[in-house]
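Enquirer: please work out how this folds:
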Amino acid sequence: MSTPRISYAHLLAKPNPKHVQSLLDFFEHGRSKRGTGGFGVEIEHLPVHNSDDTAVSYYEPNGIETLLRRIAPYYDKDKEYWENDHLVGLAREGITVSLEPGGQVECSLGILKKPEDLNTLYRTFRRDVDPVLDELDFRLVNYGYQPKSSYADVKVNPKDRYDAMTAYLGRVGQFGPCMMRCSSSTQVSIDYVDEQDSIEKLRLGTIVGPILAWYFRNTPYFEGEPNPWPLLRQRMWDYLDFQRTNVIPGLFDPRFGWEDYAIDVLSTPLMFADLTHTPEAEGLSGKELHHPAFYENAGDVYPDRELNPYEINHIISTHFNDVRLKNFIELRHWDSLPVARAERLTEIIASLFYDPSNRQRLVSYFDGIREEDVFEAKANLQAHGRNSSPYGQPLEFWKEFLGIEGILADEPGDPKHPDVFQA
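Expert: Numbers count the residues shown, from 1 in each chain. Alright, predicted model coming up:
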């Protein structure tokens, strides 16, 4: 099968005005009245066998599906998520358990009022899951990449969307199958009060995210060998698909606003279409409801009407920028972390984004920064590691400037393994 030719036609396409307005309304409805609101934290876990540290699959006896079925009684029956007769997600107040393509178990927590709430809520998740894991003889580890298994050995879980993603990412860019099947992250979400506030936070998160990623790196392995890259997950995302990753195009232009963001995500090919919540698609089969979209953007896939919230979330979620705007702001830079380090990361995010004096200090310091400066900082970190100088300053400067004291950069994510990554 030939590799598809990259199309730039979407750059000339004008998105449907009704779709643009739908996104603008979606962002407007996401505004928080709290001013300094809470957090959402997502911690993904890699399931590995106790016997040999290889990946646990969804389908194997005593695998991921068995785990979900065993812990389902602790969650709300009316919040179970099924696909193709398989259980793929659970939820109750404050906790959602879902699956990434390679069976990574994601625990979404929030909304948290303060960073220390993370540990309290996460303990309730582990209280229910750990006894079952012991009986099934596997565990959930916090690394940015599987410690032993190769992506080729990991099966995709039974969601039709992941078949479509595999078809697309297996033929575009680099690292797509690796990202889908073997990588694992920690993400922190914050709120915004208006358009200006959201754009400022998007910019600041994009700027400082790579530096924080250095101090919170947690990927000692890649494809069963010592990890050769200082920031593996950053490299995977940066080279995954240039149309939908890295820095949001135009973000540092002073005129940039919600409409520019909406036009960007609506004009880019969707990666894959999701018509499961599109009434006009009723009667289509599962594979027709999810199909690769190498060239189709939202206007090609969705009807000439206002988009519903599910369609909007899908469109935005096919973009993997370093920082993403939904009806909240999602900071996406970090490897999967043990909960103590995730809590410390959330404390730093709170200090930088919700403390007015710290926020103004960041805005003043980075005044006039350009998109290419962020690219250079990321490349500097990848090339020089501990000797890097992102934005022209050594890492010791950033440690103090961003309040990253007390971080153990090489704290192992799984006590059974020594952390082979060198600081």
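
Enquirer: do you know how far His86 is from Glu80?
Expert: 11 Å (C-beta to C-beta, to the nearest Å). The C-beta positions use only the backbone N, C-alpha and C, and glycine is treated the same way.

Enquirer: same check, this time on Glu65
Expert: 12 Å.

Enquirer: these two: which has the busier surroundings?
Expert: Legend: neighbour count by other C-beta atoms under 10 Å for Glu65 and Glu80, higher for Glu65 (20 against 15).

Enquirer: starting from the helix or strand that one falls within, tell me the next helix or strand along the chain.
Expert: Assessed by DSSP states H and E, Glu65 sits inside helix 64-71. Once the chain leaves helix 64-71, the next helix or strand it forms, by DSSP H and E, is strand 81-83.

Enquirer: what comes up buried for that next one?
Expert: 81, 83 (16 or more other C-beta atoms under 10 Å).

Enquirer: run through who's touching that strand.
Expert: By C-beta atoms under 8 Å, 6 or more residues apart in numbering, the surrounding residues in contact with strand 81-83 are 87-91, 98, 158-160.

Enquirer: equivalent analysis for stretch 190-202, please.
Expert: 27, 30-35, 37-39, 248, 251, 256-258, 323, 325, 328-329, 331, 349, 353-354, 363.

Enquirer: ok so, going back, what do Glu65 and Glu80 both touch?
Expert: With C-beta under 8 Å, 6+ apart as the test, Glu65 and Glu80 both reach Leu87.

Enquirer: so which bits of stretch 340-352 are buried?
Expert: 341-350, 352.

Enquirer: and that stretch, what's its mean pLDDT?
Expert: For stretch 340-352, the mean per-residue pLDDT is 96.

Enquirer: the helix or strand of the chain at the bottom of the mean pLDDT ranking packs against which elements?
Expert: Ranked by mean pLDDT, DSSP states H and E, the weakest helix or strand in the chain is helix 286-289, scoring a mean of 84. Applying 3 or more C-beta pairs under 8 Å, 6 or more residues apart in numbering; DSSP states H and E, we find helix 286-289 packed against helix 160-169.

Enquirer: which secondary structure elements does the helix it packs on contact?
Expert: helix 176-182, strand 271-274, helix 286-289, strand 290-293.

Enquirer: reformat those as TSV; add distance to Val374 and mean neighbour count.
Expert: Formatted as TSV, those follow (distance: least, C-beta to C-beta, whole Å; neighbours: other C-beta atoms under 10 Å):
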stretch	distance to Val374	mean neighbour count
helix 176-182	21	24
strand 271-274	23	25
helix 286-289	37	14
strand 290-293	28	21
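
Enquirer: which of the ones you listed has the lowest mean pLDDT?
Expert: Among these, helix 286-289 scores lowest, at a mean of 84.

Enquirer: which residue is nearest the centroid of this structure?
Expert: In the chain, the centroid-proximal residue (C-alpha atoms, centre = their mean) is Arg332; its distance is 4.7 Å.

Enquirer: secondary structure class for it?
Expert: strand (DSSP: H, G, I helix; E, B strand; the rest coil).

Enquirer: so it sits against Ser183, correct?
Expert: No: using C-beta atoms under 8 Å, Arg332 makes no contact with Ser183, being 11.7 Å away.

Enquirer: against Leu23, how distant is Asp260?
Expert: 11 Å.

Enquirer: the two: which has the busier surroundings?
Expert: More crowded of Asp260 and Leu23, by other C-beta under 10 Å: Leu23, with 23 against 15.

Enquirer: coming back round to it: for the closest residue to the residue nearest to the centre of the chain other than its chain neighbours, report the pLDDT, please.
Expert: Distances taken as C-beta to C-beta, 6 or more residues apart in numbering place Gln187 nearest to Arg332, at 5.3 Å, with adjacent residues excluded. Gln187 is assigned 97 on the pLDDT scale.

Enquirer: wait, Gln187 touches Asp335, no?
Expert: No: applying C-beta under 8 Å, one finds Gln187 not in contact with Asp335, separated by 10.7 Å.
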